[in-house]
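Trainee: model the following, please.
(one chain, ligands or ions: 1)
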Amino acid sequence: MTDFSATVPPSSAATTGTGPNADPLSERGSAPPMPSSPAPPASLDVHIAEKRFVSADGTDVLAIADLAFTAAAGSFTALIGPSGCGKTTALRIILGLDSDFSGHIRRADPEGRIAAVFQEPRLLPWRDVETNVRLALPPERRADDLGPLFETLGLADMTRRFPGELSLGLARRVALARAVAIRPALLLLDEPFVSLDEETAARLRALLLDVWSARPTTAVMVTHNLREAVELADRIVFLTERPARLRGVYDLPTPRAERDAFWQERTVAEVGALYPGVI
Ligand SMILES: Nc1ncnc2c1ncn2[C@@H]1O[C@H](COP(=O)(O)OP(=O)(O)OP(=O)(O)O)[C@@H](O)[C@H]1O
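Mentor: Next comes the predicted model:
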């Protein structure tokens, strides 16, 4: 483990999950029940004790007050919280774009690559789809066969198109292709389905699961959509209103193959009852 930006001692509040039958945690979090089998090793250990901004008018903004969670290797974690609570700020800290915070971010594989998919696809407008993806690869892999990846993401016929010719849904698929092509140890996703119609979002969610299953990586996704989290995640981390604190952790051990529409409806209702206000 490597400790980045350690300005406070390692947290005793790092979460280990609470299981689907747990009560929602207090604002500070609560002790989880003893696991019956050893938990898989954490790939990511996050404790943001405090993150402040100074806004343009000089006002001090406390964005995150106490947020701690872990993500197991190869798992999918969803961070869910109200608008403006500090989700993107947390993701930027995990990504290493913001080191001005107290706490720590520890990764089991500190040399592994991190890839991020933002709400805006951030493609190079003067490069075609294939070149946008290829340029993200390390030089020794620039000639790799990207065909299977484009095929999985339904982009095989679009590799010569330019970003300006793509819908937002297609551009997000390219951004996802670019992120997973580098084979990241950690994949960060910031509301990748926002502003898409439900049909397009559902297709992109399925494509994300396809590429994520084909190339297992630890994924952390910011969302404010409980249904999305229930469909995709192994663990849901709930945040309070700003300043973001840990509200609770809900684990979803059900294999994805068994997550049919009935299960999803039931689970959304169950989790929604435990965490009022998230639906
Ligand atoms: N650079 C900055 N300077 C000042 N305040 C900031 C800055 N960046 C974020 N904030 C404030 O920190 C808080 C958290 O912002 P953040 O974007 O992390 O929230 P969020 O949960 O991702 O929001 P949303 O759900 O709307 O995307 C907000 O009040 C925001 O205005």
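Trainee: what residues does the stretch 51-200 of the chain put near the ligand?
Mentor: Contact residues (C-beta under 6 Å from any ligand atom) of the stretch 51-200 of the chain with the ligand: Phe53, Ser55, Val61, Ala63, Gly81, Ser83, Gly84, Cys85, Gly86, Lys87, Thr88, Thr89. (Each C-beta comes from the backbone N, C-alpha and C, glycine too.)
Trainee: so which of those residues are in strands?
Mentor: If you go by DSSP state E, those have Phe53, Val61, Ala63 in strands.
Trainee: show me which of those residues are buried.
Mentor: Among these, those classed as buried by 16 or more other C-beta atoms under 10 Å are Ala63.
Trainee: pLDDT for the ones in strands among the residues of the stretch 51-200 of the chain next to the ligand - can I get that in JSON lines?
Mentor: Compiled in JSON lines, these are given as follows (pLDDT from 0 to 100):
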{"residue": "Phe53", "pLDDT": "96"}
{"residue": "Val61", "pLDDT": "94"}
{"residue": "Ala63", "pLDDT": "97"}
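Trainee: now do the buried residues in stretch 145-162.
Mentor: Quick answer for stretch 145-162 (16+ other C-beta under 10 Å): Leu146, Leu149, Phe150, Thr152, Leu153, Leu155, Met158, Thr159, Arg161, Phe162.
Trainee: could you look up the SS state of the second one?
Mentor: When you say that, I think you mean Leu149. At Leu149 the chain is in helix, as set by DSSP: H, G, I helix; E, B strand; the rest coil.
Trainee: helices or strands up against the biggest helix by length in the chain?
Mentor: Criterion DSSP state H: the longest helix present in the chain is helix 198-214. For helix 198-214, the packing partners by 3 or more C-beta pairs under 8 Å, 6 or more residues apart in numbering; DSSP states H and E come out as helix 147-152, helix 168-181, helix 226-232.
Trainee: pull out the buried residues from it.
Mentor: So helix 198-214, judged by 16+ other C-beta under 10 Å, has buried residues Thr200, Ala201, Arg203, Leu204, Arg205, Leu207, Leu208, Val211, Trp212.
Trainee: with stretch 124-131 instead?
Mentor: So stretch 124-131, judged by 16+ other C-beta under 10 Å, has buried residues Asp128, Val129, Glu130.
Trainee: can I get these in a markdown table with secondary structure?
Mentor: A markdown table is the format used below for the buried residues of stretch 124-131 (three-state DSSP):
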| residue | secondary structure |
| --- | --- |
| Asp128 | coil |
| Val129 | helix |
| Glu130 | helix |
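Trainee: thank you kindly, that will do.
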